[in-house]
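1. This is a predicted model, with the sequence first.
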Amino acid sequence: MTSTYSPEVRVAQARPPVAAGHGRWRGPARLALALLPALVIAVAGFQRRWMSDDGHIYVRTVRQVLAGNGPVFNAGERAESSTGTLWQWLLVVAGAPGLDIATAAMYGGLLLTAAGFALAGLAALRLHGGAGGGRVLLPCGALVLLALPPVWDFATSGLETGLATCWLAGAWLALVARPRALTTCAVLGLGPLVRPDLALVSAVFLAAQWAVARPSWRGALAGAGVAGALPVAYEIFRMGYYGHLMPLPGVTKEASRSLWGRGFDYLSDFVGPYVLWLPLLMIVAAVLASGRAGWRGERVEAVAPVLAPVVAGALCWLYVIKVGGDFMHGRMFLPGLLLMLLPVFLMPLTRAWTIVAAGVAVWAVVCAAVLRVPYEGRIGPAGVADERGVYVWQNAASHPVHHDFAGQAGNKAYAALVRERVRRGTPTLLLARTPVKAARPGVTGVYNTLGFSGAVVPLSGAALDPIGLAYPLAAHSEGFHGRVGHDKRLPDEWVVAERGVKGSLPGGLDPARVAAARRALRCEPFTELRAATRAPMSVGRFWRNLTGAVGLTSFRFPNDPVRAEREACG
């Protein structure tokens, strides 16, 4: 056993192949079976291809980068609206040659999802004896994933889910096949850049790698340095450039809070409609049975790579439940489910696993053909949405990419109003679809459907959301117990006070509250928030943002301007 991480490939110890004859396949046939789930998910994802509104949030940021305005949602305001950092920059690369960014996001997600399933199959081959080992492998965990409609839906969507699938499976393959390589350290460390919560997975996988490699202290330091180099460098950039510890959606959604009750409701919303507990129970029973027979005396090197994705997946589910789940049906549970099923993605042909695979296959057929959420195509009573179905209906299109909302009159009217004001060239603030003469040039649209708003408002204008996904002032306001992921709504008085209007105030606004908001914005820490996100970038500004990011990230203020003024200004 080596005492340090090494770039050399270490071949994982394989179980001896079974005797020729029953249960033995040649390498090409085994490889084809291992890659079959990737083909199936590619077909299923293509048939349900679409682009989500949140996917269009990425698109506007990428357009701003390519236009020379930096990684921002609105020119002149440094707000990190992209939760998946690596996905954002991959889309920048895709858009640089002139490709349509939304189309690239949709098909890129599908390609990465299929690649993830292929990597999971290859990892299963490696775990169970290599492509030439001859042991027949049955799809088991793969069947569970392939049967679930949310897996089909989020194979595309324009979000970072496809990249997460590819990274999770690729990281596990690296852990199984090359546990002593420094390149594996680098791959395992990418979790926070794929999505911040996947830092949990990086930590568990790196711990498993250490348990297998048992490096010297110099090797451990080298591995930690390689794993953390890119994430740490980007975190320093994030703190200095944006003045925050995390992407802005993490602030507005209060990523550190605990809403266990709502989280368990989200779990029930995912597990219940598909009777998902049934195949998982069958798999657990088979694992326990095979564990008693074959795991005794196994060394840590053999057990750690198998247990790591299960532990990481369970932690991912626990975190999702803790923060109250999400508003998209099933989406946030998909990475954890994939992780927990990776060790049983494909299993060797034995009597127990054959019975289990047959049972899972029966469930999979029923699930894929019949089982659906009761609010298909709508937002459910708990605020969780069949996200793809909602956008198919609202756009009156089977595969919505560039949303025109042909089936949704309100969004269609907002788009028409924005385009009309852009043609006029009149400085305008659109407040609840009411045009007001603005104090600054261009069109400023205030609208909940942020991706759509960002698509119709020009890059020179500002697309603001009162929820705060891309609007720092709204992100730092206090929330309320609303729909999950939409717990904040900045009152209009704050928008008018901050952005400014010419002439009389819009109807329905209280002048006293607007005045209180204006005074509050002139006091700390409001002035520091505005400077951190709007002041010209310089070495001094970068350093002040970097050192003040912790305090700024934790800053919250009351929605009521009178209270906020009293607390900020005294």
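-> Here it is on my side, so go on. Just so we're clear, the structure is a prediction, and the values are computed from it rather than from any experiment. Residues are numbered from 1 along each chain as shown.
2. Check which residues of the worst-scoring helix or strand of the chain on mean pLDDT are buried.
-> Of all helical and strand segments in the chain, the minimum by mean pLDDT, DSSP states H and E falls on helix 277-294, at a mean of 83. Neighbour-count burial for helix 277-294 flags 278, 279, 280, 282, 283, 286, 287, 290 (criterion: 16 or more other CB atoms under 10 Å). To be clear about C-beta, it is placed using only N, CA and C from the backbone, and glycine gets the same treatment.
3. and which of those residues is nearest to residue 120?
-> Nearest to residue 120 among these, counting by CB to CB, is residue 283 at 15.0 Å.
4. where's residue 135 relative to residue 30, distance?
-> Applying CB to CB, to the nearest Å, the value for residue 135 to residue 30 is 8 Å.
5. about what we covered before: if we look at the least confident helix or strand of the chain, which residues are touching it?
-> 140-141, 143-144, 271, 341, 344, 347, 350, 352-353, 355-356, 359-360, 363-364 (CB atoms under 8 Å, 6 or more residues apart in numbering).
6. Only the buried subset of those residues, as a PyMOL command please.
-> A single PyMOL command selects the buried members of the contacts of helix 277-294 (16+ other CB under 10 Å):
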select buried, resi 140+141+143+144+271+341+344+347+350+353+356+359+360+363+364
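7. Among the contacts of helix 277-294, which are located in strands?
-> residue 347 (DSSP state E).
8. so of the contacts of helix 277-294, which ones are in helices?
-> Members of the contacts of helix 277-294 lying in helices (criterion: DSSP state H): 141, 143-144, 271, 341, 352-353, 355-356, 359-360, 363-364.
9. With pLDDT and distance to residue 253 as new columns, can the residues you listed be given to me in a markdown table?
-> Converted to a markdown table, the ones in helices among the contacts of helix 277-294 look like this (pLDDT from 0 to 100; distance: CB to CB, whole Å):
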| residue | pLDDT | distance to residue 253 |
| --- | --- | --- |
| 141 | 96 | 30 |
| 143 | 97 | 33 |
| 144 | 98 | 28 |
| 271 | 97 | 22 |
| 341 | 98 | 27 |
| 352 | 88 | 43 |
| 353 | 90 | 40 |
| 355 | 93 | 43 |
| 356 | 94 | 38 |
| 359 | 96 | 38 |
| 360 | 97 | 34 |
| 363 | 98 | 33 |
| 364 | 98 | 33 |
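10. Now the element after the least confident helix or strand of the chain, going C-ward?
-> Downstream of helix 277-294, the first helix or strand assigned by DSSP states H and E is helix 300-322.
11. number of nearby residues for residue 490?
-> 23 (other CB atoms under 10 Å).
12. oh sorry, the question was meant for residue 516
-> So residue 516, with other CB under 10 Å, has 22 neighbours.
13. Name the SS class of it, please.
-> Taking DSSP: H, G, I helix; E, B strand; the rest coil as the rule, one finds residue 516 in the helix state.
14. Output the below-cut-off pLDDT ranges for this structure.
-> By pLDDT under 70, the low-scoring segments of the chain are 1-26, 130-134, 291-298.
15. try it again with 80
-> Within the chain, the ranges that satisfy pLDDT under 80 run 1-30, 129-135, 290-301, 432-433, 480-482, 485.
16. just the strands in this structure please.
-> Under the criterion DSSP E, strands of the chain are mapped to 137-139, 346-348, 428-431, 434-437, 443-446, 462-464.
17. looking at the ones you listed, which is buried most?
-> strand 462-464 (a mean of 28; mean count of other CB atoms under 10 Å).
18. what's next to that one, contact-wise?
-> Strand 462-464 has contacts (CB under 8 Å, 6+ apart) with 60, 73-75, 77, 442-447, 450, 453-454, 457, 470-471, 474, 495, 499.
19. give me that answer again for 10 Å
-> Contact partners of strand 462-464, identified using CB atoms under 10 Å, 6 or more residues apart in numbering, comprise 57, 60, 73-77, 79, 81, 418, 429-431, 438, 440, 442-447, 449-457, 470-471, 473-474, 490, 495, 498-499.
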